[in-house]
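A.B. asks: I'd like to go over a predicted model; first the sequence, then the structure.
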Amino acid sequence: MAATKQPHGTTQPPYVPPVPPPYYYPVIPKKDRTWIIVVVVIAIVGLLFIAPTMFFLFFPFPETAHITEFSEDVAISEGGHFKYTCGYLTKGDKIQISITVKEGGPVDVYIMQSDQYKGAYEVSNVSVMSFSALFKKENITQLNETYCLNKSTGWDEICVVIDNRDAPLTLNDATPTGPVLVKTEIKTIEIYAFD
Ligand SMILES: [Ca+2]
């Protein structure tokens, strides 16, 4: 690699830039990206409004409740009981109970969670029986009641029981005098059901 040699004694000519002064580097102008921001903002705002609208259009749950109705004359033998399962209810759901004893003596009406029912009715013998209920009305021949599930029971199966037995744990309950025939109407209102 040979360096350019200047002849001895000669003076190197000064470097003259090819363009006239002032010298500057060309500045690339910044692209205007404002429109992208505008589009993104419009898209986000649009989604914020459209998404909930679409959701409520397809799942209009605040307006509609899931209602289940039961209406029958129920025959219960002496010492027996009738259980109606309302389903898996949550806080805020309601149960409307309307009963009239058409034949026989007074009965007891209870609203129970699944564990309460098992403890009271699905035990092998009286010594291991337990009793508790969300709602109770004992020794009655007629009832018109709207019960609102006012505490969280978790996602639990709730039932209505019409009782015609003499249980030792429920001291103020009806004393059965024979079979009963009970006109029974139970309306379950689930307020948050998707239906
Ligand atoms: Ca009873």
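C.D. replies: Structure received.

A.B. asks: okay, and Tyr84 sits in which element?
C.D. replies: Per DSSP states H and E, Tyr84 falls inside strand 80-89.

A.B. asks: what is that strand packed up against?
C.D. replies: strand 66-76, helix 114-121, strand 156-164, strand 180-190 (3 or more Cβ pairs under 8 Å, 6 or more residues apart in numbering; DSSP states H and E). Glycine gets a C-beta too; all of them are placed from N, C-alpha and C.

A.B. asks: got a list of what Asp73 touches?
C.D. replies: Taking Cβ atoms under 8 Å, 6 or more residues apart in numbering as the criterion, Asp73 is in contact with 102, 181-184.

A.B. asks: closest to Tyr84 out of those residues?
C.D. replies: Distance to Tyr84, by Cβ to Cβ, is smallest for Thr184 among the contacts of Asp73, at 7.5 Å.

A.B. asks: check contacts around that closest one.
C.D. replies: 70-74, 82, 84, 98-99, 162.

A.B. asks: try 6 Å this time
C.D. replies: 72, 74, 99 (Cβ atoms under 6 Å, 6 or more residues apart in numbering).

A.B. asks: what's the mean pLDDT across the host helix or strand of the last one?
C.D. replies: Here Ile99 is covered by strand 94-103, with elements defined by DSSP H and E. Model confidence over strand 94-103, given as mean pLDDT, is 97.

A.B. asks: can I get the helices and strands packed on strand 80-89 in a markdown table with distance to Val27 and mean pLDDT?
C.D. replies: Formatted as a markdown table, these follow (distance: least, Cβ to Cβ, whole Å; pLDDT from 0 to 100):
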| stretch | distance to Val27 | mean pLDDT |
| --- | --- | --- |
| strand 66-76 | 68 | 94 |
| helix 114-121 | 77 | 95 |
| strand 156-164 | 71 | 95 |
| strand 180-190 | 68 | 96 |
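
A.B. asks: out of the ones you listed, indicate the one that is most buried.
C.D. replies: Across the helices and strands packed on strand 80-89, averaging neighbours per residue (mean count of other Cβ atoms under 10 Å) puts strand 156-164 on top, at a mean of 22.

A.B. asks: still on that earlier bit, contacts for the strand holding Ile99, please.
C.D. replies: By Cβ under 6 Å, 6+ apart, the residues outside strand 94-103 that reach it are 86, 141-148, 180-189.

A.B. asks: and the residue of the protein closest to the ion?
C.D. replies: The ion sits closest to Asp173 of the chain, with a gap of 3.6 Å, by Cβ to the ion.

A.B. asks: isn't that residue right up against Tyr110?
C.D. replies: No - Asp173 is not in contact with Tyr110 according to Cβ atoms under 6 Å; the separation is 9.5 Å.

A.B. asks: between the two, which one's more packed in?
C.D. replies: Applying other Cβ atoms under 10 Å to Asp173 and Tyr110 shows that Tyr110 carries more neighbours, namely 25 against 22.
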